[in-house]
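> 3D model of this:
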Amino acid sequence: MATTTGDESKQCRICLDTDNPDDLISPCLCSGGSAFIHRQCLDRWRSENIRGIGFKSCDICHFEYVIETIVDDPKAERTRLLKYYAFVIRDTTALILLVQLVILGLTFIVKRLDKKSENIKNQFPNWMNTFIIYYLTTVIILLALIGFIAMIILCRSGNWNFNPFSTGRSGTNSNGIVACVIVFIIIFVLIGLVVGVFISGVILGKITKHHSSKLWLRQEAQKYVVKDFQGKRAELEKYNLTLASLAMP
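Residues are numbered from 1 along each chain as shown. All right, here's what the predicted structure looks like:
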């Protein structure tokens, strides 16, 4: 195999940086331009690998890394766990803040649309804060929209003939129609609330699981470090031959 000689030719195969050759390691059988990688870049790649295979082996030469476990230190382990939980809380908080930003943006739009007529504002008691009025209105609209969409999906999937305004009479009563509209809005809001909570729980669960797995692997990568075989090519190849001979029947 061809080898890379000279610090000036060393380059990280992930970030392509050549400015810090002393930070590069050679953890596998890759040669040439793929021979070196920053330990930090490798640990990040190991933690973000989707199937988890890249945590313990090279995705190019498929060499299984030689892992050196750092001696357990109760204080360091506690720090790692605290950092892990802090990252999970950070990501969950960021998701909640993102949802709130969307609601606040829509609240501002609803308030602007109702600025002249104040039809929405007049439906609430005078003692209520203006911001709370439009915030609650936005939440109700979003829940009603979610409920309406859920009803459409349910009706289409079940092939139901759903017509909420069908009365069975040739004539129509305006008061009855208004009452029906109010009732169906309430129904949509309730459905939207249930569906919204369910969907939010599912999405939050998946995002939290994805991020927590990644963050946990990131912490584990700092505990189970990959051995550097830089300048020890013969030892690396001998180790690989030993593994190959052991794998043979």
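> contacts, neighbours, all on C-alpha from now
Fine.
> now residue 46: closest residue in space, sequence neighbours ignored.
In space, not counting the residues next to it along the chain, residue 46 is nearest to residue 55; the distance is 4.1 Å by CA to CA, 6 or more residues apart in numbering.
> and the one you found, how far is that from residue 221?
Distance, residue 55 to residue 221, by CA to CA, to the nearest Å: 8 Å.
> overlap in contacts, those two.
Jointly contacting residue 55 and residue 221 under the rule CA atoms under 8 Å, 6 or more residues apart in numbering are 46, 47.
> walk me through the domains of the chain.
As assigned by automatic domain parsing, the chain contains the domains 7-66+227-247, 81-217.
> out of the ones you listed, which is the most enclosed?
Highest mean neighbour count of the domains of the chain: domain 7-66+227-247, a mean of 16 (counted as mean count of other CA atoms under 10 Å).
> centre of the chain versus that one, how much separation?
28 Å (CA atoms, centre = their mean, to the nearest Å).
> what's the answer for stretch 194-202, then?
16 Å.
> what's the average pLDDT for that stretch?
Average pLDDT, stretch 194-202: 74.
> give me the residues contacting that stretch.
Contacts for stretch 194-202 (CA under 8 Å, 6+ apart): 143, 146, 147, 150.
> which residues in this protein form strands?
24-25, 37-38, 67-69, 224-226 (DSSP state E).
> pairing partners for the first one, with directions?
Right, strand 24-25. Sheet pairing of strand 24-25 (DSSP bridges) gives strand 37-38 (antiparallel).
> what do you get for the last one?
Listed by DSSP bridges, the sheet partners of strand 224-226 and their directions read strand 67-69 (antiparallel).
> what residue ranges in this protein score low on pLDDT?
Counting by pLDDT under 70, the chain shows low-confidence ranges at 1-8, 49-53, 70-73, 154-182, 207-208, 211-212, 214-215, 233, 237, 239-249.
> and the lengthiest helix in it, how far out from the chain middle?
Ranked by number of residues, the top helix in the chain under DSSP state H is helix 174-223. For helix 174-223, the separation from the chain centroid amounts to 15 Å (computed by CA atoms, centre = their mean).
> next: stretch 99-117.
27 Å.
> ok, now stretch 98-115?
Chain-centre distance of stretch 98-115: 25 Å, with CA atoms, centre = their mean.
> CA atoms only for it, dumped as PDB, please.
Output of stretch 98-115 as PDB, limited to C-alpha atoms (Å, rounded to 0.1, in the frame of the first residue of the first chain):
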ATOM      1  CA  LEU A  98     -39.600  27.100  17.700                       C
ATOM      2  CA  VAL A  99     -43.300  26.100  18.100                       C
ATOM      3  CA  GLN A 100     -43.900  29.200  20.200                       C
ATOM      4  CA  LEU A 101     -42.200  31.400  17.600                       C
ATOM      5  CA  VAL A 102     -44.600  30.100  15.000                       C
ATOM      6  CA  ILE A 103     -47.600  30.700  17.200                       C
ATOM      7  CA  LEU A 104     -46.300  34.300  18.100                       C
ATOM      8  CA  GLY A 105     -45.800  35.000  14.400                       C
ATOM      9  CA  LEU A 106     -49.300  34.000  13.600                       C
ATOM     10  CA  THR A 107     -50.600  35.900  16.600                       C
ATOM     11  CA  PHE A 108     -49.100  39.100  15.200                       C
ATOM     12  CA  ILE A 109     -50.700  38.400  11.800                       C
ATOM     13  CA  VAL A 110     -54.200  37.800  13.400                       C
ATOM     14  CA  LYS A 111     -53.800  41.000  15.500                       C
ATOM     15  CA  ARG A 112     -52.900  43.100  12.400                       C
ATOM     16  CA  LEU A 113     -55.900  41.700  10.500                       C
ATOM     17  CA  ASP A 114     -58.200  42.500  13.300                       C
ATOM     18  CA  LYS A 115     -56.700  46.000  14.000                       C
END
